[in-house]
Every structure is written in C-alpha cells, then in structure tokens.
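no FASTA, just this:
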C-alpha cells in the first residue's frame with residue numbers, strides 16, 4: 001500500500017477513535033470527580049492509538065466494516081491507558097513524563113492516579129458490555145481483553161519487568177517479558193477486531209501470529225529509540241533504560257543487532273498475512289511503519 005494512502009486511512013481512523021473516546025468518557029468517566037478528570041487526562045492526551053487501529057484493521061480484514069470494532073478498540077485504549085498510569089508510578093518505573101506532559105501521578109498525586117487507572121480498567125469492560133454487537137461477540141471480546149491485560153498477559157509481563165530490575169535477563173527471558181508486557185495487549189487488540197467481525201478461526205490465528213510478531217517489533221524499536229531519540233521526540237524520558245540499568249534488546253544485541261532483530265520479526269509478521277494477499281495491505285504497511293518509526 002502506498003504510504004500516503006496508508007497515512008490517510010490511519011489518520012481518519014484515529015479521528016474516529018478520538019471522537020468516540022471523548023463520547024465514551026462523557027458516558028462512563030464524567031469529569032465530576034478528580035479521579036475521572038485524571039483518567040481523562042491520561043486517556044485523551046494523545047498517543048498513536050496503535051491498538052485501536054489494529055482492532056479496526058483486523059475487523060476489516062475479516063470482512064466486516066472497520067467501525068464495527070470501534071468500541072472494542074476504544075476499550076483496548078482505556079486498558080492501555082490504565083497500564084501506563086501504573087507503569088509510571090514511583091513503585092514501578094517512576095517516570096515523571098508521558099506523551100510530553102507530566103505523568104498522571106505527577107499531575108494529580110499518586111492516590112488519584114491509582115484511582116484513575118482503576119476507573120479506566122473498569123470502564124473498558126463497561127464499554128464492551130454495552131457495545132452494539134451480539135452478546136456472543138461481547139463475551140469473546142471481554143475474555144480476550146481480560147486475558148491480554150491480566151495475570152497471564154500484561155500484568156505478568158510487568159512482574160517480569162520488575163524481577164529483571166535486579167537480575168539480568170537472558171535473551172529467552174527478555175522475549176518472554178515483552179511477549180507478555182507489550183505483546184499480549186496487541187494480540188488482544190487483533191482478537192477484539194476478530195470478535196467484532198465474528199471471524200473464522202483461521203483468520204484469527206493468522207492475526208494473532210501477526211500481532212505477536214508486531215508486539216516484538218514495537219518493543220525492540222522502543223529499546224532502540226530509548227538510545228537514539230531525544231526526550232522531546234519520545235514525549236517521555238530518553239535514556240531511562242540505561243539510567244535504570246535495564247536489560248533491553250540493545251544491551252543484549254547492540255544497536256545494529258537489535259535493528260536486525262526487529263527486521264526479522266517484521267518479516268515474520270508480514271509472512272503471517274501472506275495468505276490474505278492485497279486484503280492485508282494496510283496491516284503490512286502498518287508493520288513497516290512501526291519498524292521505521294522515530295518516536
């Protein structure tokens with residue numbers, strides 16, 4: 001797919017996602033309490049919306065209108081925002097900035113930030129429960145999001161991240177960490193798109209494999225950018241991995257090795273979609289864009 005066409009579609013979908021997130025916040029997170037103000041601050045503060053766009057694109061690839069997955073994509077973004085609030089807390093990564101502005105706990109205090117993250121987590125499942133889709137789809141979507149964001153997915157990944165703050169991770173352990181912490185929610189986003197489309201299992205399996213590889217590409221590039229980009233470019237502290245002596249794909253493979261590893265996983269992501277031909281052009285271009293991103 002031509003990059004210009006891709007960017008136009010991506011931007012159009014992001015516009016719809018942002019508008020729907022705002023509408024859903026008015027319904028489920030009204031700004032009449034400090035915790036919901038903090039939740040809205042974190043959720044509506046920008047971002048690439050990769051997970052929501054992946055849900056829409058997966059839904060479209062499975063033969064349904066992309067917008068059928070709009071609420072599911074927004075639910076993933078709510079859960080992602082909750083995870084970022086907690087990730088930034090002093091007891092976790094202790095980061096003061098996120099997306100170019102003070103992190104939630106720096107803006108509102110730790111107690112309010114924790115309540116805001118809880119509000120986002122629970123609102124995500126309210127959104128799924130009330131989506132205008134069949135009950136079977138909503139059950140599948142809720143299960144996928146809970147699995148991706150729960151103790152067998154993202155939460156376990158965060159535990160591994162904390163474990164390897166004091167013990168150096170090897171290659172296998174680092175991959176396991178990021179398959180859970182980063183990859184599990186990206187896989188869930190693809191699964192929610194499949195649930196919205198009532199997709200056949202063969203398509204779901206291919207999209208899960210694509211998303212798993214995409215998650216690793218995303219994280220490896222993140223590790224590279226932590227070394228090569230500036231704080232202004234990233235919207236969060238650059239060099240924090242080295243400052244905290246974290247094991248990353250760069251510390252294990254070096255910059256060039258990490259870049260080559262990202263290319264390998266990018267190729268695997270594209271291979272997972274090969275059977276779909278031109279239908280998968282958007283998702284193929286998405287993988288390429290994530291591989292070459294600069295922030």
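Alright, I've got the coordinates. All values reported here derive from a predicted model rather than from experimental measurement.

The residue lying closest to residue 244 once chain neighbours are set aside: neighbouring residues, count only.
Distances taken as CB to CB, 6 or more residues apart in numbering put residue 165 closest to residue 244, at 7.0 Å, once the chain neighbours are dropped. From N, CA and C alone the C-beta is placed, and that goes for glycine too. Each residue near residue 165 was counted by other CB atoms under 10 Å, and the total is 14.

Got the phi and psi for residue 165?
For residue 165, the backbone dihedrals (degrees, to the nearest 10) come out as phi -70, psi -30.

roughly how far apart are it and residue 92?
The gap separating residue 165 from residue 92 is 10 Å, by CB to CB, to the nearest Å.

again with residue 262
25 Å.

quick one, which of those two is more surrounded?
residue 262 (24 against 15).

Residues in contact with stretch 221-233: which ones?
Here stretch 221-233 makes contact (CB atoms under 8 Å, 6 or more residues apart in numbering) with 97, 100, 182, 234, 237-242, 248-250, 255, 258-259, 262, 290-291, 293-295.

Next step: those restricted to helices.
In helices, defined here by DSSP state H, the members of those are 234, 240, 241, 242, 249, 250, 255, 258, 259, 262, 290, 291.

Tell me the one among those nearest to residue 6.
Proximity of the ones in helices among the contacts of stretch 221-233 to residue 6 (CB to CB) peaks at residue 290, which lies at 11.7 Å.

The helix or strand containing residue 35: what's the following helix or strand?
Taking DSSP states H and E as the definition, residue 35 sits inside helix 34-43. Counting by DSSP H and E, the next helix or strand C-terminal to helix 34-43 is helix 50-61.

what's in contact with that next one?
10, 13-14, 17, 65-70, 72-74, 76-77, 80, 185-186, 189-194, 196-197, 199, 203, 207, 211, 214, 218, 276, 279-280, 282-283, 286, 290.

where's the residue most central in space within the chain relative to residue 189, distance?
Here the mean C-alpha position of the chain is nearest to the C-alpha of residue 51 (CA atoms, centre = their mean), at a distance of 4.7 Å. Distance, residue 51 to residue 189, by CB to CB: 4 Å.

shared neighbours of these two, which are they?
73, 76.

I'd like to know how many residues surround residue 163.
Using other CB under 10 Å as the criterion, the residues surrounding residue 163 number 12.

Ok, residue 285 next?
20.

in stretch 102-118, what's buried?
103, 104, 105, 106, 107, 108, 112, 113, 114, 115, 116, 117 (16 or more other CB atoms under 10 Å).

List the residues that contact the fifth one.
Yep, that's residue 107 we're talking about. Residue 107 neighbours (CB under 8 Å, 6+ apart): 38, 41, 101.

Where does it sit, in terms of helix or strand?
Counting by DSSP H and E, residue 107 is found in helix 104-108.

Would you tell me what the next helix or strand after that helix is?
Helix 104-108 is succeeded, C-terminally, by helix 110-129 (DSSP H and E).

Can you name the secondary structure element that comes next after that following helix?
Heading C-terminal from helix 110-129 (DSSP H and E), you reach helix 135-149.

which ones are touching residue 118?
35, 82.

do the same with residue 65
residue 59.

any idea of the pLDDT on it?
With respect to pLDDT, residue 65 has a value of 98.

cool, and residue 3?
pLDDT, residue 3: 88.

Let me see the contact set for it.
So residue 3 contacts 285, 289 (CB under 8 Å, 6+ apart).

swap in the one 10 residues further on?
If you count contacts by CB under 8 Å, 6+ apart, residue 13 has them with 49, 52, 53, 56, 57, 66.

Would you check how far apart it and residue 20 are?
Taking CB to CB, one finds residue 13 at 10 Å from residue 20.

repeat for residue 273
In terms of CB to CB, residue 273 sits 26 Å off from residue 20.

That's all I had, so thanks and see you.
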